[in-house]
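A.B. asks: here is the input, now give the coordinates:
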Amino acid sequence: VGQAWPLLTGERAHYELAAGNKAEAERLARALEDFAAGNKLLPEQLWTLPDIPDKGLHRGKPTGSAMPLVWAHAEYLNLLRSLQDDQLFDRVPIVAERYKDGPPALRNVWRFNHKVSSTNVGEPLRIEVLAQARIHWSMDNWHTVHDDEMRGSGFGTYWFDIPLSASDKLTGVEFTFYWTDSRTWENADFTIWIRHPLAENR
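C.D. replies: Have a look, this model is predicted:
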């Protein structure tokens, strides 16, 4: 119960290959092969504790869990193909492109069912609604106002990103909505307070 899973060795090998350590990925592929039983079937789990021969438990060998575990075999075959191609076989290009420069920036999203009350300066702030609207907003307690049409996502939502520059000395964003279809105003104003973490930590 709760012993090591050979398929994770395959996943680690894929990680090493992606990191440019092909020799280590090949070593892990050989280790994965060594985890198979005498009939070449890969188990779900391996025994990691000292041998208990009378129970048939030997360190680095199957525990009696599910065998073959098709998931482990699929991982092994995927790894062989990846090593042959010298790149990850099941790498999805559109996903890899999204993360090529690191993870996307954090974004706070305000919705009527998720009314965030604060956000950090410099982080993108998105306002989303479920109907076509014009957002009426200010960053100086309504002394200066902006009106922007919210953009349709194509999936029944409409959004607008409020620019929050890290250099701005902002305290909050106030906003409300003009609903285009009904030609009515939202009878309420909303506020999101702006945090300045660096200044707070001084």
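
A.B. asks: could you look up the SS state of E174?
C.D. replies: In three-state terms, and counting by DSSP: H, G, I helix; E, B strand; the rest coil, E174 is strand.

A.B. asks: start the count at 895 instead of 1 going forward.
C.D. replies: Yep, numbering from 895; the last one is E1068 now.

A.B. asks: center of this protein, which residue is that?
C.D. replies: P997 (8.0 Å; CA atoms, centre = their mean).

A.B. asks: need the pLDDT of that residue.
C.D. replies: Per-residue confidence at P997 stands at 73 (pLDDT).

A.B. asks: any idea how far E1017 is from it?
C.D. replies: Separation of P997 from E1017 (CB to CB, to the nearest Å): 13 Å. In this view, the C-beta of every residue, glycine as well, is placed from N, C-alpha and C.

A.B. asks: and the longest helix for the protein?
C.D. replies: helix 964-979 (DSSP state H).

A.B. asks: and the helix or strand that comes right after that one, average pLDDT?
C.D. replies: Downstream of helix 964-979, the next assigned helix or strand under DSSP states H and E is helix 987-992. Helix 987-992 shows a mean pLDDT of 87 in the predicted model.

A.B. asks: packing partners of the helix or strand immediately after helix 987-992 in the chain?
C.D. replies: Sequence-wise, the next helix or strand downstream of helix 987-992 (DSSP H and E) is strand 1002-1004. Packed against strand 1002-1004, as judged by 3 or more CB pairs under 8 Å, 6 or more residues apart in numbering; DSSP states H and E, are the following elements: strand 1019-1023, strand 1084-1089.

A.B. asks: who does the last one pair with, and is each partner parallel or antiparallel?
C.D. replies: Strand 1084-1089 has the following strand partners under DSSP bridges: strand 1012-1014 (parallel), strand 1066-1073 (antiparallel).

A.B. asks: list the contacts for D1042?
C.D. replies: Applying CB atoms under 8 Å, 6 or more residues apart in numbering to D1042 gives the contacts 1028-1029, 1031, 1054.

A.B. asks: in strands, which of the residues you listed fall?
C.D. replies: Those of those mapping onto strands are 1028-1029, 1031, 1054, per DSSP state E.

A.B. asks: of those, closest to R906?
C.D. replies: F1054 (43.0 Å; CB to CB).

A.B. asks: tell me, how many residues neighbour the closest residue to V1067 other than its chain neighbours?
C.D. replies: Distances taken as CB to CB, 6 or more residues apart in numbering put I1086 closest to V1067, at 4.8 Å, once the chain neighbours are dropped. In terms of burial, I1086 registers 20 neighbours under the definition other CB atoms under 10 Å.

A.B. asks: mind checking pLDDT for I1086?
C.D. replies: At I1086, pLDDT is 94.

A.B. asks: same check on W965?
C.D. replies: 96.

A.B. asks: residue contacts, it?
C.D. replies: L901.
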